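1. here is the input, now give the coordinates:
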Amino acid sequence: VGCVPISLRRMMRLRHFSRRWDSTARSSIPTSAMSRTLIVAEIAAAHNGSLARALEIVDAADQAGANAVKIQTFTPESMSIDPRPIAGGPWAGRTLPELYAEAQTPWEWHAPIFERCKRHGMFGFSTPFDAAAVDFLETLDVPCHKIASFEITDIPLIERVAKTGKPIIISTGMATMDEIWSATIAALDGGCCGVTLLKCVSAYPASIESCNLATILHMAREFGCDVGLSDHTIGSAAATVAVALGATVIEKHLTIDRSDGGPDVAFSSEPAEFADMVKSVREAEKAMGGVFYGPTPEEQSSLQFRRGLWVVKDINKEEKLTRENIRVLRPATELLPNQLEAFIGRKARHHLSTGTELRVDSVM
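-> Next up, the predicted model:
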C-alpha cells in the first residue's frame, strides 16, 4: 500500500469506519477497564538487563493503577548493523547495535512478565519489530500488538501483524497524514479487527509545547478510529488533556528509579509520578462524564436560589398588583420571573402581606 491520495481519504474513511477498537477490537482485550481510558505502562529498556527488575516494574505498574504493561520484542541483529554513532538525541555517540543490545528484552523473559501481569489482573503485550517477533508473540497469545512510530512506514511488518486478526495500536510520531493512512489501511485490509492510533511526539523527552494535542480530535474524525496518546513528556498534564479530548489509550514509560540509569530514564516516570498521572486521568474521566442537562442530584438544593415573585409591599384585597408591590427576588417560588408581566394589573384575591411569595391563587 503506497501513500493514499487526499481525494481518496473520504472514501477510505467510510469504508473502514465501522471497524473500530471500541467495538469488536475491545472485546478481545481481557480487562474490565475498557469503559475507561486504557493506561499502559511501557517498560522498554527500563529493566536494565534484569528480569527481577522487569517484574518489579510490573508490580509497580499495578500499584500505580495501570491496566496493561507493554514491552518490546526484538534482537539487536533485527534492528540495525550500522556501526556509525548516533548523531543526536538522548543516545548521541552510541551505535544502534550497542543501544539495542542493552535495551532488548530477552525473549525468555516475556512469558514470566506476561504471567506477572495476569497475576495482577492486567494484561501484557508487546511491540514486535519483525516477522519472527510476531510469530513468537503469537505463541504467547498476546491480546493485541503495537507498532512503534519508527515502524509506521514498514508496511510489510504491519501487514504481517494484521494477519493475526488482533487489534493493532499504532504510534504516529513524525508521521504525515498519508503515512498514517497507508499504515491504517494496511492494518485493516490485512485482517486486524481494529486500529487505535496514538498521537505521539518522537522526541525523548518531548516538550509540552510540541504535543499539539488538538490533533487527537482531528485524527478521530479523519481516520474514524479510537485515538490515544503515547506520552514522552514529563508529568501528567499531557495525558490529562488528552483524555479530556477523547483519548482512549494513554501509554507512558515507567521505571523504578531514574537515578539507576538506563537508555529511557530521561523520559520515564517513577512509580509515584505514574500514579499521579493515573489519578489525574481518572479525575479527568469523571469530570468529562456524559452529555447531561438539568439539575444534578448535587444541584437540587441549589434550585432554591433561583428567583421567584414576591410581595414587597402589603396589598389589600382587590388592590391591583404593580411593580411597586411585587418584585422578582430570591428564593424561587412557584411563579417564574418571566411571569411577572402576566400578573401586573391583576387584583389580589385576598390581603397579601409583605414578605410572602406570590402564588397563582393569590390573584383574581
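2. flag every buried residue along stretch 342-361.
-> Neighbour-count burial for stretch 342-361 flags Phe343, Ala348, Leu352, Glu357, Leu358 (criterion: 16 or more other C-beta atoms under 10 Å). Quick note: C-beta positions are derived from backbone N, CA and C, even for glycine.
3. okay, the closest residue to the third one other than its chain neighbours: pLDDT?
-> Right, the one you point to is Leu352. Distances taken as C-beta to C-beta, 6 or more residues apart in numbering put Ile315 closest to Leu352, at 4.2 Å, once the chain neighbours are dropped. Looking at Ile315, its pLDDT reads 97.
4. for Leu309, see how far away Ile315 is.
-> Going from Ile315 to Leu309 by C-beta to C-beta, to the nearest Å gives 12 Å.
5. touching both of these two, which residues are there?
-> Ile326 (C-beta atoms under 8 Å, 6 or more residues apart in numbering).
6. for the stretch 251-364 of the chain, give me the ranges with low pLDDT.
-> Across the stretch 251-364 of the chain, nothing is flagged by pLDDT under 70.
7. now the strands: where do they sit in it?
-> 308-311, 326-329 (DSSP state E, counting those that start in this stretch).
8. and those, which is most packed in?
-> strand 308-311 (a mean of 21; mean count of other C-beta atoms under 10 Å).
9. returning to that earlier point: out of the buried residues of stretch 342-361, which comes closest to Thr296?
-> Glu357 (25.6 Å; C-beta to C-beta).
10. residues contacting the nearest residue to that closest one once chain neighbours are set aside?
-> Distances taken as C-beta to C-beta, 6+ apart place Thr333 nearest to Glu357, at 4.0 Å, with adjacent residues excluded. For Thr333, the contacting residues are Gly308, Leu309, Trp310, Glu357, Leu358, Arg359, by C-beta under 8 Å, 6+ apart.
11. which residues touch Ala66?
-> By C-beta under 8 Å, 6+ apart, the neighbours of Ala66 are Ile39, Val40, Ala41, Met122, Leu254, Phe274, Val278.
12. next SSE after the strand or helix carrying the first one?
-> Using DSSP states H and E, the element containing Ile39 is strand 38-42. With elements assigned by DSSP H and E, the helix or strand that comes after strand 38-42 is helix 51-64.
13. what is that next one packed up against?
-> The contact analysis (3 or more C-beta pairs under 8 Å, 6 or more residues apart in numbering; DSSP states H and E) places helix 51-64 against strand 38-42, strand 68-73, helix 107-119, helix 271-288.
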